[in-house]
Structures are given as structure tokens and as C-alpha cells.
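[1] kindly generate the corresponding structure for this input.
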Amino acid sequence: QVQLVESGGALVQPGGSLRLSCGASGRTFSNYVMGWFRQTPGKEREFVAAISWSFGSTLYADSVKGRFTTSLDNAKNTVYLQMNSLKPEDTAVYYCAAAYGAGVIYRTGKLYAYWGQGTQVTVSS
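    Numbers count the residues shown, from 1 in each chain. Modelled structure (predicted):
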């Protein structure tokens, strides 16, 4: 059974940094793409970033490009989202997700079959 567990969400001041982690278990993820999404109340889920486990290629939403970085630790089966220069509009519940696909990257949430429970990120002074 696939399990994704996010951690690292917190309250941070504008301009600050956070690193989210997503521990993955239940299968070999070498042919999967891992995505990060976020959602605020009353809004649709928004794509943030994704990384191909097999090739390490990445994709970012324009709103976070240059500020957020996603990476993998194969030994720990963990995906990270490093968030720098945080803004109040980054406040949301952040989810990691997994989709089968070697060498591809998806930004569409519907293509991801597995989701974590989410972690709250609040950017406020």
C-alpha cells in the first residue's frame, strides 16, 4: 500500500524559508513522478512543483519559480520542497502526490493516484 507522509509545515514570517518533506513507502518509486500541490479554502488545488524520480527533471509553477526547489533523496525515499522568500500568498495546505510515469512530469492533479494528508504552511508577520 502506497503511503505518502508530509511534514515540515509551520508558521513563518514573510521572506523566511521552510523545507517540506514527503516520505514515500509501499513500492519502488523509480518510475514515478512526485508532485507538490497546495490548496487554500475556497480555491482549487494548485500545482506547485514536480520531479521525475527516474531522471530528476523538474517543473515549477510560475508563481514559485526561482523561490522553490524540489529534490529527491533516493536512499531515504523522500521528496523535499525547499521554499525560500516566502510570501503571504504562499499560505496553504501543501500536499505531495505520486503518479506513475517514467521520465514524464505532470502538472495536472487528476493524473496523480496517491496523495499525502497535507501539511499547513502559514506565512504571516
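[2] tell me where this structure has strands.
    3-7, 11-12, 18-25, 32-39, 46-52, 58-60, 68-73, 78-83, 92-100, 114-115, 119-123 (DSSP state E).
[3] what's the spacing between the residue nearest the centre of the chain and residue 125?
    Residue closest to the average C-alpha location in the chain (C-alpha atoms, centre = their mean): residue 36, at 2.4 Å. Residue 36 sits 24 Å away from residue 125, going by C-beta to C-beta, to the nearest Å. Backbone N, C-alpha and C define where each C-beta goes, glycine included.
[4] next one: residue 20
    Using C-beta to C-beta, residue 20 is found at 21 Å from residue 125.
[5] then residue 119?
    Distance from residue 119 to residue 125, by C-beta to C-beta: 21 Å.
[6] who has more neighbours, those two?
    Neighbours of residue 119 and residue 125, each counted by other C-beta atoms under 10 Å, are more numerous for residue 119; the result is 21 against 8.
[7] residues contacting the more buried one?
    6-9, 20, 93-94 (C-beta atoms under 8 Å, 6 or more residues apart in numbering).
[8] residue 39 contacts residue 47, correct?
    No. Between residue 39 and residue 47 there is no contact under C-beta atoms under 8 Å: 10.7 Å.
[9] neighbour-wise, which of these two wins?
    residue 47 (20 against 15).
[10] pLDDT below threshold where in the chain?
    Low-confidence segments of the chain (pLDDT under 70): none present.
[11] repeat that for 80
    103 (pLDDT under 80).
[12] list the contacts of residue 108.
    residue 47.
[13] the one 10 residues further on too?
    Residues in contact with residue 118 (C-beta under 8 Å, 6+ apart) are 6, 39, 93-95.
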